[in-house]
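Colleague: Take a look and give me a structure for this.
(one chain, ligands or ions: 1)
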Amino acid sequence: MDRYERMPYARCGRSGLRLSRVAFGLWHNFGTYDDFANMGRLVTRAFDLGVTHFDLANNYGPEPGSAEENFGRLLATELKGHRDELIVTTKAGHLMWPGPYGDWGSRKSLMASLDQSLRRMKLDYVDIFYSHRPDPETPLEETMGALSDIVRSGKALYVGISKYSAAQTRAAAEILARNGTPLLIHQFRYNMFTRGIEGDGLLDALEEVGAGGICFSPLAQGLLTSRYLAGIPSDSRAAKNVFLKSSDITPERRAQLLRLDAFAKARGLTLSELALKWNLRDPRVTSVLIGASRVGQLEENLGFLSKPDLSSADLEELEGLL
Ligand SMILES: NC(=O)c1ccc[n+]([C@@H]2O[C@H](COP(=O)([O-])OP(=O)(O)OC[C@H]3O[C@@H](n4cnc5c(N)ncnc54)[C@H](OP(=O)(O)O)[C@@H]3O)[C@@H](O)[C@H]2O)c1
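Modeller: Below is the predicted model:
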């Protein structure tokens, strides 16, 4: 199996850990109502293509928790024997169970949530445990202290944060460093249509503190693929109208997508390949974290790895289309 020749691996910040430049997320398509055989196909194909990094959270489903349960079943079957070749992550910080302890960033919530996640996945430890979002009402020292203690307890090897601003990231990294558990990684939304981190200087902050960065929804949940070029397919995420809305696909947006698609094609790329190349143009971005509902999407998307990078003239021209 040549999986490790197919995929580049990048050092995550100043840590010793190298991550596949493409990670696979189980936010969608791994829940109670999804097809288990398809989940097996997705995860094994991703791994065969060199993806070693699988991203979960306590609440992924629906039902909340079911993505972890299903991934646990896959670890015991399709992925059996490969645990030490895999980076498995989970998170806590969004609503997971009723009452004051099933949400946000208290020590109580993070510790209880990770124990639940480990039971669902039937694991002794995860590789990376994240605070899923900053909690404005819990002292940062408490949230970061819980993450450090989790590493010391052996239930996670590394810690990460998600959706923290640049200032919050600097503060979190400082506390973690004081505790002797460096910040490994930050997970943020970033794609050609969502560029808030640029104005905030997040990548500068990550470089400063020595953490890696991984962007989620690099395909804008499917917008930056061929999915919506000719309408809204009935089996698409936009047709479900929950996280991606059919109203997001305005005539202006579709016209822009068609222009981007033509730009990509003129360079021998598909639109999704263009989007992933664009996201990885800055070396401070360790990985892109993609989703897929079928194996063909994964195979198409990973094609970008064997194609030439965008030139600075390309990037400039592209900017005009965005
Ligand atoms: N930290 C956080 O707060 C946070 C938030 C969101 C996500 N995440 C993580 O990021 C991961 C990825 O997020 P995402 O799923 O939104 O990423 P994405 O890669 O932007 O979107 C994936 C979706 O796009 C469509 N797609 C992908 N490739 C395609 C192709 N080649 N042709 C046509 N359609 C294609 C599929 O949707 P269809 O269903 O339409 O086929 C697929 O499920 C999540 O699983 C999760 O792990 C983290």
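
Colleague: looking at it, residue 187 is touching residue 164, isn't it?
Modeller: No. Distance between residue 187 and residue 164: 9.4 Å, which falls outside the contact criterion (CB atoms under 8 Å). For the C-beta atoms, the positions are set from N, CA and C on the backbone; glycine is no exception.

Colleague: Spell out, range by range, the helices that occur in this protein.
Modeller: 3-6, 36-48, 66-76, 107-121, 140-153, 166-178, 196-200, 202-209, 237-240, 251-265, 271-279, 295-301, 312-321 (DSSP state H).

Colleague: how about a markdown table for these, with distance to the ligand and mean pLDDT added?
Modeller: A markdown table is the format used below for the helices of the chain (distance: least, CB to the nearest ligand atom, whole Å; pLDDT from 0 to 100):
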| stretch | distance to the ligand | mean pLDDT |
| --- | --- | --- |
| helix 3-6 | 17 | 95 |
| helix 36-48 | 10 | 98 |
| helix 66-76 | 9 | 98 |
| helix 107-121 | 14 | 98 |
| helix 140-153 | 15 | 98 |
| helix 166-178 | 14 | 98 |
| helix 196-200 | 13 | 96 |
| helix 202-209 | 13 | 98 |
| helix 237-240 | 4 | 95 |
| helix 251-265 | 11 | 97 |
| helix 271-279 | 4 | 98 |
| helix 295-301 | 4 | 98 |
| helix 312-321 | 18 | 96 |
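
Colleague: Just name the most buried of those.
Modeller: helix 271-279 (a mean of 24; mean count of other CB atoms under 10 Å).

Colleague: Point me to the residue of the stretch 151-300 of the chain nearest the ligand.
Modeller: For the stretch 151-300 of the chain and the ligand, the shortest gap (CB to the nearest ligand atom) falls at residue 291, measuring 2.3 Å.

Colleague: Kindly tell me how buried that residue is, as a neighbour count.
Modeller: Using other CB atoms under 10 Å, the number of residues around residue 291 comes to 23.

Colleague: do you know how far it is from residue 214?
Modeller: Residue 291 is 13 Å from residue 214, where distance means CB to CB, to the nearest Å.

Colleague: how about the nearest residue to residue 286, chain neighbours excluded?
Modeller: residue 212 (3.8 Å; CB to CB, 6 or more residues apart in numbering).

Colleague: hang on, that neighbour packs against residue 12?
Modeller: Yes. Taking CB under 8 Å as the definition, residue 212 is a contact partner of residue 12 at 3.4 Å.

Colleague: who touches both of those two?
Modeller: Common contact partners of residue 212 and residue 12 (CB atoms under 8 Å, 6 or more residues apart in numbering): 19, 184, 185, 286.

Colleague: Can I get these in a markdown table including pLDDT and distance to the ligand?
Modeller: Shown next, in a markdown table, are the shared contacts of residue 212 and residue 12 (pLDDT from 0 to 100; distance: CB to the nearest ligand atom, whole Å):
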| residue | pLDDT | distance to the ligand |
| --- | --- | --- |
| 19 | 98 | 14 |
| 184 | 98 | 14 |
| 185 | 98 | 11 |
| 286 | 98 | 14 |
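
Colleague: Please list the members of these that lie in strands.
Modeller: 19, 184, 185 (DSSP state E).

Colleague: Pull the number of nearby residues for the closest residue to the second one other than its chain neighbours.
Modeller: The spatial neighbour of residue 184 that comes closest, neighbours along the chain excluded (CB to CB, 6+ apart), is residue 158 at 3.9 Å. Other residues within reach of residue 158 by the criterion other CB under 10 Å amount to 23.

Colleague: thought residue 158 was touching residue 13?
Modeller: No. Using CB under 8 Å, residue 158 makes no contact with residue 13, being 10.2 Å away.

Colleague: Name the residues contacting each of these two.
Modeller: Joint contacts of residue 158 and residue 13 (CB under 8 Å, 6+ apart) are 184, 185.

Colleague: show me the contacts for the residue of the stretch 1-150 of the chain found nearest the ligand.
Modeller: Of all residues in the stretch 1-150 of the chain, residue 25 sits closest to the ligand, at 2.2 Å by CB to the nearest ligand atom. Residue 25 makes contact with 54, 55, 56, 216, 289, 290, 291, according to CB under 8 Å, 6+ apart.

Colleague: repeat that with 10 Å
Modeller: The contact partners of residue 25, by CB atoms under 10 Å, 6 or more residues apart in numbering, come to 53-57, 60, 67, 89, 187, 214, 216-217, 289-292.
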